[in-house]
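sequence and predicted model, in that order:
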Amino acid sequence: SMMLSDVVTFLKAVSGSPFRHVDQALALASIQANPPRQVPAAYVVPTSSMAGPNTTGTQEVRQRKTIRFGVVIVQRVHDDAAGSRRAEEIETLAEHLETVLVGWTPGEAFTPITFVRGSLVHMTEGEVWWLHEFSTDTTLRG
């Protein structure tokens with residue numbers, strides 16, 4: 001969607017960004033099929049959208065729509081059997097995302113972005129994937 005590509009553009013433009021690669025992906029599977037050459041990497045992915053009830057009660061339709069999206073962080077760390085370095089690095093990268101995205105408005109039609117939750121998606125010996133989810137609202141008029 002247009003909004004997600006705006007998030008990608010915004011993340012790429014942030015000065016002092018820790019990410020070496022930022023892109024948009026349709027799903028986790030598409031990242032797995034084409035893993036990043038450079039890490040840390042960040043992929044903006046759609047997670048869900050929900051529409052609230054029509055609020056006008058007239059012929060005109062007005063619905064608030066909540067759009068959730070995620071940023072998948074991919075990081076590789078070697079010689080880290082217990083995962084402590086990976087955990088620390090993921091935390092730093094996730095905090096960066098919160099700092100830059102929370103409160104930012106991705107266009108006139110949207111409310112400022114809020115943080116929803118973070119979760120571990122995938123971990124192997126050398127690689128970790130973390131999903132940080134965010135939310136924004138927009139109003140649908142019909």
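Arrived safely, thanks for sending.

buried stuff in stretch 33-43?
Using 16 or more other Cβ atoms under 10 Å as the burial criterion, the residues of stretch 33-43 that qualify are P36, V39, P40, A41, A42, Y43. Glycine gets a C-beta too; all of them are placed from N, C-alpha and C.

what's the first-to-last distance across it?
Between the opening and closing residues of stretch 33-43 there is a gap of 13 Å (Cα to Cα, to the nearest Å).

now the strands for this protein?
Listed in chain order, the strands of the chain (DSSP state E) span 21-24, 41-54, 62-76, 114-123, 127-141.

about what we covered before: ok, so of the buried residues of stretch 33-43, who is nearest S15?
A42 (15.3 Å; Cβ to Cβ).

ok, now which ones touch the closest one?
Under the criterion of Cβ atoms under 8 Å, 6 or more residues apart in numbering, the contact list for A42 reads L11, F19, H21, V22, D23, V71, V72, I73, V74, L93, L97.

rewinding a little: which of the strands of the chain sits closest to S30?
When the strands of the chain are ranked by proximity to S30, the top entry is strand 41-54, at 8.5 Å, counting by Cβ to Cβ.

please work out the average pLDDT along that closest one.
Mean per-residue pLDDT for strand 41-54: 78.

same question for stretch 17-27.
Averaging pLDDT along stretch 17-27 gives 93.

quick revisit: who wins for neighbours among the contacts of A42?
I73 (26 neighbours; other Cβ atoms under 10 Å).

show me the beta-bridge partners of that one.
Listed by DSSP bridges, the beta-bridge partners for I73 are A42, W130.

look up how far P36 lies from it.
Distance check for I73 against P36: by Cβ to Cβ, to the nearest Å, it reads 11 Å.

any weak-confidence spans in this structure?
For the chain, residues meeting the criterion pLDDT under 70 lie at 49-60, 80-83.

rerun at 90
Under the criterion of pLDDT under 90, the regions of the chain flagged as low confidence span 1-3, 15-16, 26-32, 35, 46-67, 76-89, 107-109, 121-128, 138-142.
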